[in-house]
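J.: just need the structure, nothing else, for what follows:
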Amino acid sequence: RQVCVAAPPPPPSFAPIVVPPSTLVADLKKTRGDASLPHGPVTFVVGKEEQRIEHVSKSLLCVRSEYYGKMFGIGMKERDADE
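T.: Numbers count the residues shown, from 1 in each chain. Alright, predicted model coming up:
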């Protein structure tokens, strides 16, 4: 009786992940002295248990994220809301 055992397939090859350089320091500099950015912290209420994530800088969210930049933009009610 002869048993044939197939070799396992080779592992998949993936393209290397390219991590861009951090822009955090440059973004922090953008928040200083820019009167067009909203000021103050915002609190996120998350999940069914309504966990609170407090003291998040609105101005830093604006320069780091296009989404929050628009949400906290001029004329939006979220600009002056605390939660």
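J.: in three-state terms, label residue 53 for me.
T.: Taking DSSP: H, G, I helix; E, B strand; the rest coil as the rule, one finds residue 53 in the strand state.
J.: identify the residue nearest it in space, chain neighbours excluded?
T.: Take residue 53 and drop its neighbours on the chain: the residue closest to it by CB to CB, 6 or more residues apart in numbering is residue 44, 4.3 Å away. (Glycine included, C-beta is placed from N, CA and C.)
J.: give me the distance from the helix or strand harbouring the one you found to the chain's centre.
T.: For residue 44, the host element (DSSP states H and E) is strand 41-46. Centroid displacement of strand 41-46 relative to its chain, using CA atoms, centre = their mean, to the nearest Å, is 14 Å.
J.: packing partners of that strand?
T.: When contacts are defined as 3 or more CB pairs under 8 Å, 6 or more residues apart in numbering; DSSP states H and E, strand 41-46 packs onto strand 51-57, helix 58-64.
J.: which of those is buried the deepest?
T.: helix 58-64 (a mean of 20; mean count of other CB atoms under 10 Å).
J.: looking at this, residue 69 is in a strand?
T.: No: per three-state DSSP, residue 69 lies outside any strand segment and is helix.
J.: now the nearest residue to it once chain neighbours are set aside: how far from residue 13?
T.: Ranked by CB to CB, 6+ apart and with sequence neighbours excluded, the top spatial neighbour of residue 69 is residue 62, at 4.3 Å. Counting by CB to CB, to the nearest Å, the separation of residue 62 from residue 13 is 40 Å.
J.: buried set for stretch 63-74?
T.: Neighbour-count burial for stretch 63-74, counted by 16 or more other CB atoms under 10 Å, picks out 63, 64, 68, 69, 71, 72.
J.: which member of the residues you listed is positioned nearest residue 28?
T.: Nearest to residue 28 among the buried residues of stretch 63-74: residue 63, at 8.1 Å, using CB to CB.
J.: among the helices and strands packed on strand 41-46, which comes closest to residue 31?
T.: Using CB to CB, the nearest of the helices and strands packed on strand 41-46 to residue 31 is helix 58-64, at 4.3 Å.
J.: name the helices or strands packed onto that closest one?
T.: In terms of contacts (3+ CB pairs under 8 Å, 6+ apart), helix 58-64 is packed against helix 24-30, strand 41-46, helix 66-71.
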